[in-house]
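Visitor: I'd like to go over a predicted model; first the sequence, then the structure.
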Amino acid sequence: MTRCKTGFTLVELLVVIAIIGILIGLLLPAVQAAREAARRMQCINNLKQIGLAFHGHHEMHRFFPSGGWGTNWIGDPDQGTGRAQPGSWLFSILPYVEETALHDLAAGSPGWPVPFKKRALLDRMAETPVSLYYCPSRRQAKAYPAPLNYGPYSKNWGHDGGPLARNDYAASLGTQPTEWSVALTTYNDHESYTGWPPSNRYDGMVFVRSEIKIKMVLDGTSHTYLAGEKNLQPEAYEGGAVFVSSGDNEGAFIGHNGDSVRNSGWPPWPDTRGLDYYQAWGSAHPGVFQMCMADGSVRAVNYEIDMVTHRALATRAGGEVIDANKF
């Protein structure tokens, strides 16, 4: 009796491998799309939490958090909120996103000049990432290398050149360009200092020493940008000295500058290699960037939004009539 040998021929094996390769090729885009959908949902949740934090701050202090004093001023827990707070809105909302310990890390030594020990603690705070402030489609929630040593230029802290925590979300400045010159003042004379931008310069929700109240949002909170995703060139995601973005080099807790505020005087734009579009809104998501409105809701906005509508959504009291179908 003859015994039959079983097994695959080389041709059959190659056919099976080819079929498996085709199936993987068909499934991979779907898997990637599912992952991006999950990351985008996380990003939406981040913005919702940020919106709730803005309103928690408003409930406590009767105004939304301020944009701070400008470049090289960092958040100081002993300086309260509003006009007196030199740090960014990202610093001011820390107690409302379950980060009170980080907010208060350097508390207990009020006044000017800022003691050396406190400066060192503020530097440690600057290096501590807050996961809520990072879009998962863009980068991991960690500190990234800083391109410069800000120590000689810092006003109330002492950065030693180490990595800094970053942020992928910015607050709405309105329609006017971002300015971040260093204020030549101190804690003692900031109220009498005459070099601040005029209060009517900015028409958005967060800016230098802002104290915007809900009643001041005459255009309606559901039709006014509060915060959202900022544009960032992909080469700058990881920080460092080679690819430096003017809108991502200061750290999350430094006062009013292109890292923490954006304006709608520029068209929104997706993250694009070679383009440092640091004034504009944008994202790492395909097709849309996401904005938290002043009522706390989050909306996906198409990049094709017309500029008239985009600018109108940025003003808090511009009196524009906005067609909800256009955004």
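Guide: Sure thing, it's come through.
Visitor: surely Pro77 and His103 touch.
Guide: Yes - at 5.7 Å, Pro77 and His103 qualify as touching, with contact defined as Cβ atoms under 8 Å. Every residue, glycine included, has its C-beta placed from N, CA and C.
Visitor: Gly158 contacts Phe116, correct?
Guide: Yes - contact criterion Cβ under 8 Å: Gly158 and Phe116 qualify, at 7.4 Å.
Visitor: quick check on those two: which one has the bigger neighbour count.
Guide: With neighbours defined as other Cβ atoms under 10 Å, Gly158 and Phe116 compare such that Gly158 has more, 18 against 9.
Visitor: give the contact list for that one.
Guide: The neighbourhood of Gly158, defined by Cβ atoms under 8 Å, 6 or more residues apart in numbering, consists of Phe116, Arg119, Ala120, Leu122, Asp123, Gly151.
Visitor: just the element for the fourth one, please.
Guide: To tie it back to what came earlier, the one meant is Leu122. With elements delineated by DSSP states H and E, Leu122 resides in helix 116-126, which encompasses its position.
Visitor: contact partners of the next helix or strand after that helix?
Guide: Beyond helix 116-126 on the C-terminal side, the first helix or strand identified by DSSP H and E is strand 143-144. Residues outside strand 143-144 that contact it (Cβ under 8 Å, 6+ apart): Glu127, Thr128, Pro129, Gly162, Pro163, Leu164, Ala165, Arg166, Glu238, Gly239, Gly240.
Visitor: just how off-centre is strand 143-144 within its chain?
Guide: Chain-centre distance of strand 143-144: 14 Å, with Cα atoms, centre = their mean, to the nearest Å.
Visitor: next structured bit after that strand?
Guide: Scanning forward in sequence from strand 143-144 by DSSP H and E, the next helix or strand is strand 164-165.
Visitor: partner strands of that following strand and their direction?
Guide: Taking DSSP bridges as the criterion, strand 164-165 forms sheet pairs with strand 143-144 (antiparallel).
Visitor: and the partner strand, what's its mean pLDDT?
Guide: Mean per-residue pLDDT for strand 143-144: 93.
Visitor: mind listing what the residue nearest to Gly82 when sequence neighbours are not counted touches?
Guide: Computed as Cβ to Cβ, 6 or more residues apart in numbering, the closest residue to Gly82 that is not its neighbour in sequence is Glu211, at 4.8 Å. The neighbours of Glu211, taking Cβ under 8 Å, 6+ apart as the test, are Phe63, Phe64, Ser66, Gly82, Arg83.
Visitor: hang on, Cys43 packs against Ser137?
Guide: Yes - at 6.4 Å, Cys43 counts as touching Ser137 under the criterion of Cβ under 8 Å.
Visitor: which residues do the two both contact?
Guide: Listed contacts common to Cys43 and Ser137 are Ser283, His285; contacts here mean Cβ under 8 Å, 6+ apart.
Visitor: list the residues that contact Val288.
Guide: For Val288, counting by Cβ under 8 Å, 6+ apart, the contacting residues are Ala300, Val301, Asn302, Tyr303.
Visitor: related to what we said a few turns ago, which one of Pro77 and His103 is surrounded by more residues?
Guide: For Pro77 versus His103, neighbours defined as other Cβ under 10 Å are more numerous around Pro77 (25 against 20).
Visitor: kindly provide the distance from that one to Gly67.
Guide: Pro77 sits at a distance of 17 Å from Gly67 (criterion: Cβ to Cβ, to the nearest Å).
Visitor: now swap in Ser246 and tell me
Guide: Here the distance between Ser246 and Gly67 works out to 17 Å (Cβ to Cβ).
Visitor: more neighbours: those two, which one.
Guide: Neighbours per residue, other Cβ under 10 Å: of Ser246 and Gly67, the larger number sits with Gly67, 30 against 16.
Visitor: contact partners for that one?
Guide: So, once contact is read as Cβ under 8 Å, 6+ apart, Gly67 ends up touching 88-89, 171, 173, 206-210, 255-256, 260-261.
Visitor: at 7 Å instead, please
Guide: Ser88, Trp89, Ala171, Val206, Phe207, Val208, Ser210, Gly255, His256, Ser260, Val261 (Cβ atoms under 7 Å, 6 or more residues apart in numbering).
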